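Asks: Sequence and computational prediction follow.
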Amino acid sequence: MDAAAAVIIAALLALTTAVNALSDAEVSYIAGRQLQSLEASLTAGAGAGGDLLPDDFEFDIRVGVTFANDRLRGAYVALQALRRAIYSDPKNFTGGWVGPDVCAYFGVACAPAIDDPAVTVVAGVDLNGGDIAGYLPAEIGSHLNDLALFHINSNRFCGIIPETFSQLTLLHELDVSNNRFVGVFPEVVLRTPVLRFLDIRFNDFEGELPPELFEKELDAVFVNSNRFVGRIPENFGDSPASVVVLANNRFDGCIPRSVGRMKGTLDEMILLNNRLDGCIPPEIGELANTTVVDVAGNLFVGSLPEEIGDMGKLERLDVSRNQLAGEVPERWRAVTGMRADGDR
């Protein structure tokens, strides 16, 4: 990330749970609205491949005012589309989203454009904790071209992540956790070129994780508390992430032996409460810089590999609630937060 991008991200972070359930009728209504939006998207984009909106497509949003630049005009189109896609906004986060001054909208952050500091653009949207119900319209991806941060955690958004998110070429952080998104893993995020922070936890995503997730240059991967199943891809160890959290899903099989390849970057690995089985691979001992390993609540058997003793920076190791046997070596007993209490 260059200096200008770092400044924008720092400014956006300065902006900144339980989620109430929607009734089945509300979910159906919102899903229907998003499907209608997607059908319009497909029809409008048929001449250019049929899957993405053309750059100038707008869902009947009249723009009869003057903007400082075309990028702010596009941001206005996207934000008004989002406002119209909201079914409930009990804290009135978007109640003031009226008029052309999008930089004054609650939860919207503007900054100088990376490619032209003389141009002001919308660089971040943060609606965390709004208890907002709705869906994400395609215009977010097609018109918010300077977006570096998109945070909507702890709301009641449902549906899917639009395919147009692949057009967010500057997006570094995507946090859609604590919502009601559905479907298979949203592979569109893997086509978002510079994404570094991905948080989709506490949703209803399902199916298997694509191997491409661990090939992407992500700093943090949070996919916990969904309904993912199957084996962790064999290329797990190719991920450069410092934090990987796959907890509270239904993964089975072994921890891939490639895990040792994460030794240069991995700080925390949280795999608790899945259905992982077999033995903990000895390659885990190669994680010399890792401070936290939590594999509690799985089906591991056998004894802990001696190589864990080579993890010089390990501060917390939790292997409880498995079916492990044997004694904990004396040299590990000094590890802070060590829990290796068998099947309890």
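Replies: Everything's here; your move. Model, not experiment: these values are computed from the prediction. Residues are numbered from 1 along each chain as shown.

Asks: any low-confidence regions in the protein?
Replies: 1-64, 329-344 (pLDDT under 70).

Asks: so what's the closest residue to Arg71 other than its chain neighbours up against?
Replies: Closest residue to Arg71 apart from its sequence neighbours, by Cβ to Cβ, 6 or more residues apart in numbering: Val121 at 4.8 Å. Any C-beta I mention is one placed from the backbone N, CA and C, and that applies to glycine too. Counting by Cβ atoms under 8 Å, 6 or more residues apart in numbering, Val121 touches 69, 71-72, 75, 110-113, 146.

Asks: right, and the pair among the residues you listed with maximum separation?
Replies: Greatest spatial distance among these (Cβ to Cβ): Ala75 and Pro112, at 14.2 Å.

Asks: So which of those two has more stuff around it?
Replies: Between Ala75 and Pro112, counted using other Cβ atoms under 10 Å, the more crowded position is Ala75 (29 against 17).

Asks: what's next to the host helix or strand of the more buried one, contact-wise?
Replies: Using DSSP states H and E, Ala75 sits in helix 70-84. For helix 70-84, the external contacting residues (Cβ under 8 Å, 6+ apart) are 58-59, 61, 63, 67, 94, 97, 100, 102-103, 105, 108, 113, 119-122, 125, 134, 136-140, 142-146.

Asks: Where does the closest residue in space to Gln167 that isn't next to it in sequence sit, in terms of helix or strand?
Replies: Leaving aside its sequence neighbours, Gln167 sits nearest to Gly141 (Cβ to Cβ, 6+ apart; 4.8 Å). Element membership for Gly141 (DSSP H and E) is helix 139-143.

Asks: Give me the packing partners of that helix, helices and strands only.
Replies: helix 70-84 (3 or more Cβ pairs under 8 Å, 6 or more residues apart in numbering; DSSP states H and E).

Asks: Note down every partner strand of whichever helix or strand comes after the helix it packs on and its orientation.
Replies: Sequence order places strand 86-88 as the next helix or strand after helix 70-84, per DSSP H and E. Strand 86-88 has its sheet partners listed here by DSSP bridges as strand 133-134 (antiparallel).

Asks: so how far does stretch 234-252 reach from one end to the other?
Replies: End-to-end span of stretch 234-252 (Cα to Cα, to the nearest Å): 13 Å.

Asks: start at 5 instead
Replies: Okay, residue one is now 5; in that scheme the one you just asked about reads as stretch 238-256.

Asks: How far away from the center of its chain is that stretch?
Replies: On the basis of Cα atoms, centre = their mean, to the nearest Å, stretch 238-256 sits 13 Å off its chain's mean C-alpha point.
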